[in-house]
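Trainee: Kindly generate the corresponding structure for this input.
(2 chains)
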Amino acid sequence: MAVISRDEIFDKVKEVLENALGVDAEEVTMDATLIGDLGAESIDFLDISFKLEQEFSIKIDQGELFPENLMSDDSLVEDGKLTDKAMDLLRERMPHVDFSKLEQDRRVDQLSEVFTVSSLVDFIERKVSA
Amino acid sequence: MRWMWIDTIIRFEPEARLDTIKNVSLAEEHLHDHFDGSDGIEPLAVAPASLLVEGMAQTAGILVGSVHRFKEKVVLAKVSKFEVDRDVLAGQSLRYEAYLDRIDAAGASTSGLIHLCDHGDGRWVEIGRADLMFSHLDRNMAGRAFPEHNFVFSDNFRAILVDAGLAHLIDEDV
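Mentor: Okay, here's the model as predicted:
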């Protein structure tokens, strides 16, 4: 695959998010969170995965880009907070995501705040250079 | 009235494409209320656009469900795009063309075209586009039970598949 710059990746990710989420281009900044700022819902993550695959000619396995089934495993969530095991699992499976904020506040609802446009760009950058 | 917004399957390419036909009829009660002229506008019996979405969802839903021989519970999860350029009237026919773009264990995405035939001139013209997302509920809802009537693949749709010569797609264990 031809070398693609981070700026080019961002431009394509922005276009994917505009189409998948119906947001305006100016809303899609690197810092924007997919759920809180751009209004993504669960099915949108599948839509985004499919569109990224098509745009960048890559294969994204289920659960590779966004976590899934965390809530159904009692060893991963206790009293509404992510366990050490969950944090280790997330870091291992999702090296493209910065979990430092979540480390400070492990409430499950904070998980949505770590998935930003920047994390998507990082993910693609790793995938296309692999 | 049965919740069926397609009448027959006319083309099937496994894991790729499914085409259906819907004939719009004045026997459909809702047409007379849409629009009924009560707001001062001339009455006009128009097929509601929401039911065109449903027609495409049933077409594409059968295509998605057929991939795993209807073992998965397939539900419409997102209307990514829907455009229709003109009113659809009684006596006209619709052809829904659904294409499977992507499918995995969690769900599927489809794109589709809506064509209309006015039997006055007999020509088919493209009048709309609809892109949809489907979810495989069994994979996504951790085994929660849902009533059977929520799903596309009732006995009514079994009959449509049989009539189209596609009975072999149905897994009898379902």
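
Trainee: In a strand, B:Gly112, correct?
Mentor: Yes. Per DSSP: H, G, I helix; E, B strand; the rest coil, B:Gly112 lies within a strand segment.

Trainee: What score does it have for pLDDT?
Mentor: For B:Gly112, the model assigns a pLDDT of 98.

Trainee: Distance of it relative to chain A?
Mentor: Counting by Cβ to the nearest Cβ, to the nearest Å, the gap from B:Gly112 to chain A is 15 Å. All C-beta atoms are positioned from the backbone trio N, CA, C, and that covers glycine.

Trainee: need the contact list for B:Asp101.
Mentor: Residues in contact with B:Asp101 (Cβ atoms under 8 Å, 6 or more residues apart in numbering or on different chains) are A:Phe50, A:Gln54, B:Ala108, B:Ser109, B:Thr110, B:Ser111.

Trainee: anything in whichever helix in chain B runs longest near chain A?
Mentor: Secondary structure assigned by DSSP state H gives helix B:49-67 as the longest helix of chain B. No. Using Cβ under 8 Å from any Cβ of the partner chain, helix B:49-67 never reaches chain A; the gap is at least 12.8 Å.

Trainee: Now A:Glu18. Nearest residue, chain neighbours left out?
Mentor: With Cβ to Cβ, 6 or more residues apart in numbering or on different chains as the criterion, A:Glu18 has its nearest non-adjacent residue at 5.9 Å, and that residue is A:Ala25.

Trainee: Mind telling me what element the residue of chain B positioned farthest from its centre is part of?
Mentor: Using Cα atoms, centre = their mean, the residue of chain B lying farthest from its centre is B:Gly40. It sits 32.5 Å away. Following DSSP states H and E, one finds B:Gly40 outside all helices and strands.

Trainee: how much space between the closest residue to B:Met4 other than its chain neighbours and B:Trp3?
Mentor: Leaving aside its sequence neighbours, B:Met4 sits nearest to B:Asn156 (Cβ to Cβ, 6+ apart; 5.4 Å). Noted for B:Asn156: a distance of 8 Å to B:Trp3, by Cβ to Cβ, to the nearest Å.

Trainee: ok so, going back, closest one to A:Asp109 out of the contacts of B:Asp101, please.
Mentor: A:Phe50 (26.0 Å; Cβ to Cβ).

Trainee: rewinding a little: for the residue farthest from the centre of chain B, what are its contacts?
Mentor: Taking Cβ under 8 Å, 6+ apart, one finds nothing in contact with B:Gly40.

Trainee: How about B:Arg17?
Mentor: The contact partners of B:Arg17, by Cβ under 8 Å, 6+ apart, come to B:Arg11, B:Leu63, B:Glu97, B:Ala98, B:Tyr99, B:Leu100.

Trainee: Mind checking which of those land in helices?
Mentor: Filtering the contacts of B:Arg17 for helices - DSSP H - leaves B:Leu63.

Trainee: Now the buried members of the contacts of B:Arg17.
Mentor: B:Leu63, B:Glu97, B:Ala98, B:Tyr99, B:Leu100 (16 or more other Cβ atoms under 10 Å in any protein chain shown).

Trainee: which residues in chain B form helices?
Mentor: Under DSSP H, chain B gives helices at B:49-67, B:137-140, B:155-163.

Trainee: Which elements pack onto the last one?
Mentor: Translated: helix B:155-163. Secondary-structure packing of helix B:155-163 (3 or more Cβ pairs under 8 Å, 6 or more residues apart in numbering or on different chains; DSSP states H and E): strand B:8-13, helix B:49-67.

Trainee: ok, and which of the ones you listed has the densest surroundings?
Mentor: helix B:49-67 (a mean of 23; mean count of other Cβ atoms under 10 Å in any protein chain shown).

Trainee: which SS class is A:Asn19?
Mentor: helix.

Trainee: Roughly how far does it sit from chain B?
Mentor: 8 Å.

Trainee: And for that residue, nearest residue in space, chain neighbours not counted?
Mentor: A:Asn19 sits nearest to A:Lys51 (Cβ to Cβ, 6+ apart), 6.6 Å away.

Trainee: so the one you found makes contact with A:Lys14?
Mentor: No. Under the criterion of Cβ atoms under 8 Å, A:Lys51 makes no contact with A:Lys14, lying 11.8 Å away.

Trainee: May I have the helix or strand harbouring A:Leu102 exported as CSV, CA atoms only?
Mentor: If you go by DSSP H and E, A:Leu102 is part of helix A:100-104. Output in CSV follows, covering the C-alpha atoms of helix A:100-104 (Å, rounded to 0.1, in the frame of the first residue of the first chain):
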residue,chain,number,x,y,z
SER,A,100,-4.8,7.5,30.9
LYS,A,101,-8.0,9.4,31.8
LEU,A,102,-9.9,6.2,32.3
GLU,A,103,-7.2,5.1,34.7
GLN,A,104,-8.1,8.1,36.9
